[in-house]
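Undergrad: Got a sequence here, can you model it:
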Amino acid sequence: MKKPTGSTLSIMLLVLLAWVAVMADAAWDKTKPASGAPLVSADFRNNWAELEKSGNAVTMTRDPVLGVWNAGTTAAPSNYTLAGTGATIVRTGTGEADTTRQVGKYAAKVTFGSATATLCQDVWSTTTFDTGLRGRTFSAGLWAKTSTASQVRAQIDDGVGTTNTAYHSGGGAFEWLTATRTLDTSATKLTMCFRVESAGAAYASAYTLVIGALPPDDYRPPILQYSFSTGVFTGVGATYYTASTAAFTKNANTTLSDVTGLAFPVSANEVTAFRFVLKGVSTTTADWKFALTGPASPTAVWYGAMSSMDVPTTAAVAAFGSAVAAGGATVEDTLIVHGLLRNGANAGTVQLQAAQQTSDATNTIIRAESYVLAERVQ
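TA: Next up is the predicted model:
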């Protein structure tokens with residue numbers, strides 16, 4: 001058997017070093033294997049590994065299709081933050097004067113003021129960030145539209161550094177922009193942003209963020225679209241929960257008013273079953289009075305109230321703004337206001353209101369940590 005020559009050994013060593021370098025920097029690379037070039041098994045293995053990690057991904061963004069605008073159509077949609085000096089925003093799409101949209105019923109039209117305008121979502125904020133995500137790779141995609149070149153792009157921000165997509169071409173049509181970033185080992189958050197970096201307006205749609213180095217080639221719907229705190233759920237079976245953080249008090253007051261922290265958002269044309277569970281105290285003179293406010297023109301709504309101390313003193317009602325009553329007591333009590341909403345074409349917020357049924361100069365109190373639990377059932 002012929003021994004390898006020095007030149008052969010050198011070539012073998014170079015091939016080995018190249019293979020080690022490839023494996024050390026393993027990542028998705030759609031340019032490999034190159035056309036007409038020798039096939040390298042490591043290229044195949046790297047890309048298959050990335051496909052395995054990314055192929056079944058769903059977006060981790062909340063309300064990615066910008067369906068919920070609880071603060072109005074000229075403020076940032078729920079779950080998103082608009083920033084930049086002089087920046088403005090307006091909802092476009094179905095039923096709007098500007099019908100531009102790409103995925104879902106709506107898009108966001110963001111206008112530059114005097115500094116870069118951003119519309120961002122903290123997928124994990126600095127207070128909710130899981131440090132176990134450090135060093136992991138994420139890929140983002142977003143549909144954007146503008147007629148100005150080098151004006152618009154998307155960004156992944158981990159609190160230490162950022163990675164941007166390529167700029168939109170300015171061709172006047174929606175373009176899918178993607179970027180991939182491995183989070184810094186000291187990352188403090190994971191935020192996805194739409195950026196308008198020069199004068200004019202541009203549109204954003206379908207915020208998509210997946211784990212893995214393979215950028216999504218289009219919008220990836222979530223399994224359930226919802227937010228536990230400020231957003232909305234649009235997947236059947238998704239639930240919404242929030243609890244009050246301060247006590248609500250009425251004294252010699254029969255005027256209904258909002259109970260801060262006890263509300264839930266709803267989208268158009270959805271059916272939601274809900275329950276407000278309240279801890280509180282009243283008197284047998286004052287009793288309790290409750291009502292709900294909500295979106296205009298629901299297809300149907302009903303709700304009723306009961307106290308653990310008494311049976312309901314009025315029947316369930318079938319219109320927002322109608323009052324229901326329940327018996328009160330001078331000991332700590334559990335109360336429930338529950339019902340069903342078959343919503344119409346208007347998204348909005350269902351808000352609990354409360355007061356004394358009969359004026360009494362004794363405090364009627366709903367304690368902090370009372371809560372609402374709502375579930376989309378259709």
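
Undergrad: For the rest of this, base every contact and every neighbour count on C-alpha atoms.
TA: Will do.

Undergrad: In space, what's closest to residue 86 - neighbours in sequence excluded?
TA: residue 113 (4.0 Å; C-alpha to C-alpha, 6 or more residues apart in numbering).

Undergrad: pretty sure that neighbour is touching residue 89, no?
TA: No: with contacts counted by C-alpha atoms under 8 Å, residue 113 stays clear of residue 89, the gap being 10.6 Å.

Undergrad: Those two: who's more crowded?
TA: When neighbours are counted by other C-alpha atoms under 10 Å, residue 89 comes out ahead of the other of residue 113 and residue 89, with 21 against 18.

Undergrad: Residue 328 is in contact with residue 281, correct?
TA: Yes: Residue 281 sits in contact with residue 328 when judged by C-alpha under 8 Å, with a separation of 7.1 Å.

Undergrad: The two: which is more packed in?
TA: Set side by side, residue 281 and residue 328 show unequal neighbour counts under other C-alpha under 10 Å, the larger going to residue 328 at 28 against 21.

Undergrad: The more buried one and residue 283 touch, don't they?
TA: Yes: assessed by C-alpha under 8 Å, residue 328 is found in contact with residue 283 at 5.0 Å.

Undergrad: For the residue nearest to residue 86, list the residues it contacts.
TA: When the contact criterion is C-alpha atoms under 8 Å, 6 or more residues apart in numbering, the partners of residue 113 are 84-88, 199.

Undergrad: Narrow those residues to just the buried residues.
TA: Among these, those classed as buried by neighbour count (16 or more other C-alpha atoms under 10 Å) are 84, 87-88.

Undergrad: Now render the residues you listed as TSV, adding distance to residue 186.
TA: Rendered in TSV, the data for those read as follows (distance: C-alpha to C-alpha, whole Å):
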residue	distance to residue 186
84	26
87	31
88	33
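
Undergrad: Can you give me the pLDDT of the residue nearest to residue 86?
TA: At residue 113, the pLDDT value in this model is 97.

Undergrad: Can you tell me how far it is from residue 169?
TA: Relative to residue 169, residue 113 is positioned 21 Å away (criterion: C-alpha to C-alpha, to the nearest Å).

Undergrad: go on, residue 280?
TA: Using C-alpha to C-alpha, one gets 59 Å for the distance from residue 280 to residue 169.

Undergrad: So for those two, which residue has more residues nearby?
TA: A direct count of neighbours by other C-alpha under 10 Å for residue 280 and residue 169 places residue 280 higher, at 23 against 18.

Undergrad: Check for me that the more buried one belongs to a helix.
TA: No: membership of residue 280 in a helix is not supported by DSSP: H, G, I helix; E, B strand; the rest coil, which gives strand.

Undergrad: That one contacts residue 336, correct?
TA: No: taking C-alpha under 8 Å as the contact criterion, residue 280 and residue 336 are not neighbours in contact, 10.8 Å apart.

Undergrad: Can you tell me who residue 192 pairs with across the strands?
TA: As for beta bridges, residue 192 partners with residue 121, residue 156 under DSSP bridges.

Undergrad: For it, give me its contacts.
TA: For residue 192, the set of contacting residues under the criterion of C-alpha under 8 Å, 6+ apart consists of 120-123, 140, 154-157, 207, 209.
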